[in-house]
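K.L.:
Everything below, folded, please.
(chains A, B, C, D, E and F)
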Amino acid sequence: MDLSVHGVSPATREFGCEQNLLSRPDGSASFIQGNTSVLAGVYGPAEVKVSKEIYDRATLEVVMQPKIGLPGVRERAREQCVRETCEAALLSTLHPRSSLTLILQEVHDDGSLLACCLNAACMALMDAGLPMSCLFCGITCVIDTDGQIITDPTLQQEKESRALMTFAIDSTDKRVLMSSTKGSISIQELQEAIALSQKASHRIFEFYRGSVSRRYSKTLK
Amino acid sequence: MFNSFKEKISEVLLPGDVFTFDLPDLASNVKPEKVICGPGLRRDGDDVRVCKCGILRHKPPNVFWIDSQQKRYVPVKGETVIGVVTAKSGDIFKVDVGGSELASLSYLAFEGATKRNRPNVQVGDLVFAQFIIANKDMEPELVCIDSCGRANGMGVFGEGGFLFRVSLGLVRRLLAPQSEIVADLSGLFPCELVVGLNGRVWVKAKSTQQTLILANLLESCENMTSNQRQALFKRVADGAL
Amino acid sequence: MPVDRRRIRGPDESQSPYHFISKESQKCLASGDRRSDDSQRGPLDIRPIFARCGLNSQAKGSAYIEAGNTKIICSVYGPRETERKDETDMKSGRLVADMRFAPFACHKRGAWVQGNEEKDLSLGLLESLRPGVCLHKYPRSQIDVCVMVLESDGPALSHAVTCASLALADAGIEMYDMVLGCTVRHTGTTQLLDPTFSEVQDDQDGVFVENQGSVTLSLMPNMNQVSGLQSDGVMEQESLKAAVQACIEGCYKLYPVIQHTLLKTVRKNAPPSEN
Amino acid sequence: MATVQVSEAEKLYVLHGVRDDLRVDGRGCEDYRHVEVETDVVSNTDGSAKVSLGHTNVLVGVKAEIGKPKPMVPDEGYLEFFVDCSANATPEFEGRGGEGLGIELSNTLVKVFSNKHCLDLKSLCISPGENCWVLYVDVLLLQCDGNLFDAISMAIKAALFNTKIPKVHICEDEDGGKEIELSDDPYDCVRVNVENIPCIVTLCKIGHRHVVDATLQEKACSVASLLISVTHTGMVTCVRKVGGGSLDPESIFEMTETGKRVGKALHAPLMELLQKEESLGSKRQKVGFLG
Amino acid sequence: MVKRYAATCTHVGNQNIMAEGFKTADPLEYHKSFLKENCRPDGRELDEFRTTTLNIGPISTAEGSALVKIGNTTVMCGIKAELAVPPSDTPDKGYIVPNVDMPPLCASKVRSGPPEEQAQAASQFIADIIETSEIIRKEDLCIEKEKLCWVLYCDIMCLDYDGNLLDTCIVALLAALKNTQLPKVTINKETDLPEVDLLKKCSISVNRHPVGSSFAVFDNTITIVDPTADEESLATAVMTLVIDEEGRLCSLHKPGGTALSGEKLQDCMGRAVTRHREISKLVDKILESIKK
Amino acid sequence: MSPMKLCVPGERLCSTEDCIPGTGTYLRHGYIFASLAGYVLRKNEGEELPVMSVVKETETQLLPDVGAIVTCKVTSINPRFAKVHILYVGSTPLKDRFRGTIRKEDVRATEKDKVETYKSFRPGDIVLAKVISLGDVQSNYLLTTAENELGVVVAHSEAGAQMVPVSWCEMQCPRTHAKEFRKVARVQPEYLQA
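P.N.:
Okay, here's the model as predicted:
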């Protein structure tokens, strides 16, 4: 095991985030990781269609829009991942029989898109003031041909990798909420990647806190 | 626990942040203080957990809540709001207050209304009303009378005036007991100002022009420090804008 | 043509290998006399049928039918709340039939999206079944009949009708009578009952055969009523009449098998000793 | 399908009338209502016809376009049918109300007309495997008063009779590629042989008898109808039972018999009418839609 | 089972809802009462799969086919091969196009129309597995570079949905591919058209054998294997591990839900490895039996 | 014991002169026919003629009928009515959900004008009710709880514990001892467990 990997904090690109940048949605955020950028908007709690009504909790819908063209099967699979992750964090029983809609617009994909979507989603949900039991963040890792694990890869690094993993990690216990992998991975590699992602998550949650603080310092004085 | 709360007052907190009980000091045998959790805080077993992001506020002696900025209104019992009548069905009006479902308003819930003497309310009218029922399990219900049966400022709006939306945070600032913004505004033009906790504000001044100026000023207060605001108001008062 | 965004797409264009069959192997495909599927079978015999009820755990009732290579599965859901109600739904229930072919059911791969032919067959199925179901017993509700043709080698509609009526009976939906389906292929002077896929193919050589066509008929055997009838091809009226009669006879041949299948299911679900 | 509500008393009246071979509008059981046929009514199609049958009114336009033959039959052209149930015909068709009926009708039309027995599809081939004529047959329902199938089939036969497909020349360019040239001369065209095109006869079973050309009121009194398409030689090309009820075998035989007789008799006067109209050429008086 | 039933009844106490009623009225409590005792309503242990049965090659119109049942869940996979021009960016490869469909007949909740999210996500999942594990080498599907290649349409249809769709789909896909035989194709030099010889057929080589194991998590604590539809809908999270014969992961698919600890994940991994052995054995056995 | 007779839909069972048609049968031209696949039952029920019926292994009460006792779950409430999902008809579980409505005036038999739905039901409650009408095109099944044996049978308190009925209009949380209002169904003795 390469101990040096565990010693240092895993490298991530520079983050950027702006909340409440759209006027129409009830909550919005843009999240930037290097050149990857996603815009998220949240509507709700709003009126729900009778057919989708759930008597004891809110109905969450996630819509993912690619940069070019219309959403396809890949987007639908990602929507499922984001939706179920959000559902785990949201206290949706506090708003029964209502609808929550999360729209994720890809602005630019330069790797780690799903992770960036998760981060944008979390910030937008927070901005909308929806009750959550914890926060979550997304981290993508790739294993390159030398067996090195790289966190927050660029599109180029993703293409050159032999395996790709995206995890969602919660803020309370730093456990894995969501996992989506591609490529053949040994169990050892998986464990290393999870450990690294957990480390990286600290950094992202710190960034969340800083970002929200900045926002409140601006408005509530 | 109380102490851990006090340490964090006026700080920005995020969902998932937890307050745990201080370990009971066996030697001193002091009982832990009680804490009343307001919006944004939830009990989770023995802990208290933050569920909304925002600034921790404290009202002595032991009330704590999270002051968060949000746009979507969620009805709360006792709050007064501005609603739009969208439908009449049987003996109730359906009122849009910006929440997830329409609130109901009985035609008997107006001052002096009886089964024979129905209030004159039309679809499209604005009403200023108070929630008597608002919880997650029920359809919210409004009334335009207080517990003594008096209108007490509530009821249907008259002609004229202008309705617009601001953030829920700004609304709370406007409704604070000694709101500087309201004081500054009324210094500019004499006006009628009705503020609903659902983020809707209704203004009426002497002329349409003045009404619009007031509305625009209020909207621009959203992201201004008090100094910026005072400077702006001064320029308006001087006729510069 | 809008693109299907809800499925994984392949190349824009792909062609079935059956369009490019070399001459030698083509001969082998067409070889053999008619009724090649079963040498024992005479022209007016139906294929041996394997039928079974109650295979689907989620449905109210279900059935599976295998006739030669033709394999059909049917599930019945409901009665359940009608999604869009109108006045007639208040008095009697609504029967909804949906018939599809699996993409791999025919030699040529089919599309996932229900085509016009499948819609037409669904309608034919519905109209064949409706006279048999006591719909007035199910006000305000709808009964969904879903048929999937897993493999098609010959008359899908007639077997689908039989399969669906078995599934309805399995679901405990009240019926006036069972509905049985049968198809006859008429060529010149010969009649072939329950034809296989190759037997219904028109002669590809382009020889125009007078008096050639197929008749598909649905029969309620106890009431001796025809609930569905479809024919195509070009036939003399007398031949048509003969074909209809052959279909009716075919249905009566089928009836004991279906009866037996149902009774077996009843016995299996509740052995008589318990009653 | 467009329907009318009929009370029990009305039903009984219709039933008794049919029993005595006397229908509400005075017709016998095998009589058609007044039929009017007019061809060449829409100028921007290659062939068109309008048929009115009592109050039922349909318009059919045929457009010929060059397309790719189907891979299974590379040396044949084909027909495409589209039935538009506009809300003009009945308010029930508003929105998507007519969609189901439209699909049902066009599927049946495919079964009846799109086969090589009724039309020489090989004559529509331009170059095998590459190009062929596709005849787009668009049916527009203008008004529904029962018996849509019969009216549509007459209109399609008339419109195909009227259809003029431009002649084409295939020329080869230098690279060996093929190019198709359409003839500019409007009179230099091919006609479709409509001799074998069948007409549909719909028989409605009312009580113990059956009637042809049922009105909506009569249709409401019937449990099931039989649709039979018959060629001029009396061959039956398509039979379908429509409606929610069932029929006993004996009445099916009777109905096919009647269908064959009535259907066979329809062709001659129709062809005569079409030929007469054609011979008048431009001299013919156009009736149009308001006539 | 009978004993459990009685226990459930007393649990409900004096309410006039019968035990069967309890299941419908409060399904979560009903299931939890079983899980507390380390068993499940259908009598299984927590780490027990339902009976898996396999029928290889039932559809003669398909180039390859398989019917798989895990408990009640039934999935049929049919492979249809068509001819196409290879993709321009990889002219030496063919195509594999997997699709999972849940037609209305498979479950009460499915309405007719285009596939819903679950089916679409399953299609993507299967596509990712094919890509990751290189179950078939796409190069093997090329007939002539830049000119002609095979397209394998892997149409997977659920006929009865009672949970654990993904595991069932993977087994069906694997078995159907092992059963697939493609006719010999040559390009006629004169006409430049392909010629298909149906008499000469050969199998395609299946490179790797991924096998999935799905788990459902209840309240972060209890993990059960091979969940039924009821269990899936009540669980707080579901997860699918796909493992190949070398014990490497092809996929760790957990589309959200509550968190799972490292130890639990380790346990699941162990179960997945044994499951791989079980399924490989089963597939081999059935293949052997149809050869005879 | 002679083997029980089995039948399939459409089979002629007997003439109306011999029997009265029961469930699972229909009448046509003076004969009784089976409309279900099942066992043929001939029962004397004190009438002149025995009743001829066909029974399946499971109860075939597939739809809520007027007068049927149904078990339902409350999904939403407002001042005028409560909306429910019907889960059971009698003791037969429904595979598909049917929606029903309990109007304010049908909650209880006495003092109807003082009924408050909020003090009668809450979303999630399990309620025994009786079908009074199939409703019209717009509405759902109309249900009533205006009988002592009808009303809430299972309810959870704010704290999430299953409550114990303490009177016909109140239930108590065993954890917090808080009382909540409900239209409580009288527990029938035969369901009480020792």
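K.L.:
Tell me the secondary structure of the residue of chain A found nearest chain E, please.
P.N.:
As assessed by CB to the nearest CB, chain E sits closest to residue A:84 within chain A, at 2.5 Å. Where you see a C-beta, it was placed from the backbone N, CA and C, and this is true even at glycine. Classification of residue A:84 using DSSP: H, G, I helix; E, B strand; the rest coil returns helix.
K.L.:
how near is it to residue A:49?
P.N.:
20 Å (CB to CB, to the nearest Å).
K.L.:
And residue F:42, by the same measure?
P.N.:
For residue F:42 relative to residue A:49 (CB to CB), the value is 51 Å.
K.L.:
residue nearest the centroid of the chain?
P.N.:
This is for chain A. residue A:118 (1.3 Å; CA atoms, centre = their mean).
K.L.:
meant chain E actually
P.N.:
residue E:169 (2.2 Å).
K.L.:
And for the spatially closest residue to that one that is not a sequence neighbour, the neighbour number?
P.N.:
Of all residues not flanking residue E:169 in the chain, residue E:156 sits nearest, at 5.1 Å (CB to CB, 6 or more residues apart in numbering or on different chains). By the measure other CB atoms under 10 Å in any protein chain shown, the count of residues near residue E:156 is 28.
K.L.:
Which per-residue confidence value corresponds to the closest residue to chain E within the stretch 51-200 of chain C?
P.N.:
Closest to chain E within the stretch 51-200 of chain C is residue C:104: 2.8 Å, counting by CB to the nearest CB. We have a pLDDT of 95 for residue C:104.
K.L.:
same deal with residue F:190?
P.N.:
For residue F:190, pLDDT reads 46.
K.L.:
do the same with residue D:211
P.N.:
In this prediction residue D:211 is given a pLDDT of 94.
K.L.:
how about the nearest residue to it, chain neighbours excluded?
P.N.:
Residue D:211's closest residue in space is residue D:29 (CB to CB, 6+ apart), at 4.7 Å.
K.L.:
Next one: the one you found from residue C:237, what distance?
P.N.:
Distance from residue D:29 to residue C:237, by CB to CB: 18 Å.
K.L.:
cool, residue A:81 as well?
P.N.:
64 Å.
K.L.:
These two - which one has more neighbours?
P.N.:
For residue A:81 versus residue C:237, the count of surrounding residues by other CB under 10 Å is larger for residue A:81: 26 against 20.
K.L.:
Just to check, that one is in contact with residue A:178?
P.N.:
Yes: between residue A:81 and residue A:178 there is a contact under CB atoms under 8 Å: 5.4 Å.
K.L.:
who's in contact with residue E:102?
P.N.:
E:110, E:115, E:116, E:118, E:119, E:122, E:158, E:161, E:165 (CB atoms under 8 Å, 6 or more residues apart in numbering or on different chains).
K.L.:
repeat for residue C:270
P.N.:
F:39, F:56, F:57.
K.L.:
The closest residue in space to residue A:196 that isn't next to it in sequence: what secondary structure?
P.N.:
Of all residues not flanking residue A:196 in the chain, residue A:10 sits nearest, at 4.7 Å (CB to CB, 6+ apart). Following three-state DSSP, we place residue A:10 in the coil state.
K.L.:
Could you pick out the residues of the stretch 101-250 of chain C near chain F for me?
P.N.:
C:132, C:134, C:138-141, C:169-170, C:172-178, C:220-223 (CB under 8 Å from any CB of the partner chain).
K.L.:
try chain B
P.N.:
B:90, B:92, B:104, B:106, B:133, B:137, B:138, B:139, B:141.
K.L.:
Burial check on the nearest residue to the first one once chain neighbours are set aside, number of neighbours?
P.N.:
Distances taken as CB to CB, 6+ apart put residue F:80 closest to residue B:90, at 7.6 Å, once the chain neighbours are dropped. In terms of burial, residue F:80 registers 16 neighbours under the definition other CB under 10 Å.
K.L.:
Residue F:80 contacts residue F:104, correct?
P.N.:
Yes: at 5.5 Å, residue F:80 counts as touching residue F:104 under the criterion of CB under 8 Å.
K.L.:
hey, what's in contact with both of those two?
P.N.:
Common neighbours of residue F:80 and residue F:104 (CB under 8 Å, 6+ apart) are residue F:117.
K.L.:
Provide the secondary structure category for the residue of the stretch 51-200 of chain D found nearest chain A.
P.N.:
Residue nearest to chain A within the stretch 51-200 of chain D: residue D:96 (18.2 Å; CB to the nearest CB). For residue D:96, the assignment made with three-state DSSP gives coil.
K.L.:
Any stretches of chain A with poor pLDDT?
P.N.:
Under the criterion pLDDT under 70, the flagged ranges of chain A are A:1-9, A:218-221.
K.L.:
Could I get the full set of helices for it?
P.N.:
A:3-7, A:73-89, A:113-127, A:155-160, A:187-219 (DSSP state H).
K.L.:
buried stuff in the fourth one?
P.N.:
Taking 16 or more other CB atoms under 10 Å in any protein chain shown as the neighbour-count basis, helix A:155-160 is seen to contain the buried residues A:155, A:157, A:158.
K.L.:
ditto for stretch A:175-193
P.N.:
A:175-185, A:187, A:189-193.
K.L.:
What residues are bridge-paired with residue B:54?
P.N.:
residue B:13 (DSSP bridges).
K.L.:
one step back: which of the buried residues of helix A:155-160 lies closest to residue C:199?
P.N.:
residue A:158 (55.3 Å; CB to CB).
K.L.:
From residue A:117, how far off is the closest one?
P.N.:
15 Å.
K.L.:
Does chain A have contacts with the least confident helix or strand in chain B by mean pLDDT?
P.N.:
Least confident helix or strand, chain B: helix B:2-8 with a mean of 79, by mean pLDDT, DSSP states H and E. No: Helix B:2-8 lies out of reach of chain A by CB under 8 Å from any CB, never closer than 12.4 Å.
K.L.:
tell me which strands and helices that helix is in contact with?
P.N.:
The contact analysis (3 or more CB pairs under 8 Å, 6 or more residues apart in numbering or on different chains; DSSP states H and E) places helix B:2-8 against strand B:18-19, strand B:54-59.
K.L.:
close to chain D, is stretch C:167-186?
P.N.:
No: using CB under 8 Å from any CB, we find that stretch C:167-186 stays clear of chain D, coming within 9.0 Å at best.
K.L.:
what separates that stretch from the chain centre, distance-wise?
P.N.:
In terms of CA atoms, centre = their mean, to the nearest Å, the centre of stretch C:167-186 is found 10 Å from the chain centre.
K.L.:
and residue 165, what is it in contact with?
P.N.:
All of this refers to chain A. A:140, A:141, A:142, A:179, A:180, A:181, A:182, A:185, A:190, A:193, A:197, E:252.
K.L.:
please go with chain F instead
P.N.:
Contacts for residue F:165 (CB under 8 Å, 6+ apart) come out as F:152, F:171, F:172, F:182, F:184, F:187.
K.L.:
I'd like to know the beta-bridge partner residues of it.
P.N.:
residue F:171.
K.L.:
same thing with residue C:226?
P.N.:
residue C:219, residue D:247.
K.L.:
Could you give the number of residues near it?
P.N.:
Neighbour tally, residue C:226, other CB under 10 Å: 26.
K.L.:
can I assume it is in contact with residue D:253?
P.N.:
No: in this structure residue C:226 lies outside contact range of residue D:253 using CB under 8 Å: 10.5 Å.
K.L.:
is stretch A:143-157 anywhere near chain E?
P.N.:
No: taking CB under 8 Å from any CB as the criterion, stretch A:143-157 and chain E are apart, separated by no less than 11.4 Å.
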